[in-house]
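1. Structure for the following, please:
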Amino acid sequence: MKTWQRSLALPTLLALALGLGAAAQGRGRGHEGDHGRGWGRHFDRHEREAIHHWQDEHREHPPLGFRAQDRLPPGLESRLRIGMVLEPELRRRMRPVPRGLLVLLAPAPRRYRYVVIGDHICLVGRGDRLDDVLHLELNF
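-> Numbering: from 1, shown residues only. Purely as a prediction, here's the structure:
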């Protein structure tokens with residue numbers, strides 16, 4: 001290998017290594033550190049703000065899944081964990097995300113969908129595995 005080739009090889013390898021490391025750490029988009037499990041895509045700050053703003057606009061007449069009576073009992077809420085397959089009781093409580101809210105979220109990755117479970121917006125993947133969850137404060 002010629003001297004000029006060696007002088008280019010080290011910076012190129014270093015740039016590749018740094019780029020791959022950043023890509024591995026940045027799985028998903030802007031994970032805010034709520035769960036730290038390193039699963040796929042996560043709700044970012046913009047989406048969290050949009051969800052809370054939408055929720056404020058619908059406080060007077062909240063849709064199904066966002067009402068106070070839709071909250072999960074503590075025993076079920078404790079079983080809503082990222083990376084776990086949803087239990088049948090949690091699956092029965094899944095509701096579609098209202099269209100007006102869905103358009104504020106980034107498109108779900110292929111084979112994923114957004115759902116409402118109790119007072120949570122969830123990203124659910126193949127086999128009903130919970131990928132991310134955003135708890136909503138229902139102060140009605």
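
2. sec struct for residue 122, please.
-> Judged by DSSP: H, G, I helix; E, B strand; the rest coil, the three-state class of residue 122 is strand.

3. confidence score at it?
-> Predicted confidence (pLDDT) for residue 122: 93.

4. And for residue 62?
-> pLDDT recorded at residue 62 is 87.

5. so how many other residues sit close to it?
-> 17 (other C-beta atoms under 10 Å). For every residue, glycine as well, the C-beta is placed using N, CA and C.

6. Relative to residue 51, how far out is it?
-> 13 Å (C-beta to C-beta, to the nearest Å).

7. what residues are up against the residue nearest to residue 58 when sequence neighbours are not counted?
-> With C-beta to C-beta, 6 or more residues apart in numbering as the criterion, residue 58 has its nearest non-adjacent residue at 6.8 Å, and that residue is residue 66. With contact set as C-beta atoms under 8 Å, 6 or more residues apart in numbering, residue 66 has these partners: 55, 58, 116, 119, 136, 138.

8. and those residues, which are buried?
-> Taking 16 or more other C-beta atoms under 10 Å as the criterion, what is buried in the contacts of residue 66 is 55, 116, 119, 136, 138.

9. Would you format those residues as CSV with secondary structure included?
-> Below are the buried ones among the contacts of residue 66 laid out as CSV (three-state DSSP):
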residue, secondary structure
55, helix
116, strand
119, coil
136, coil
138, coil
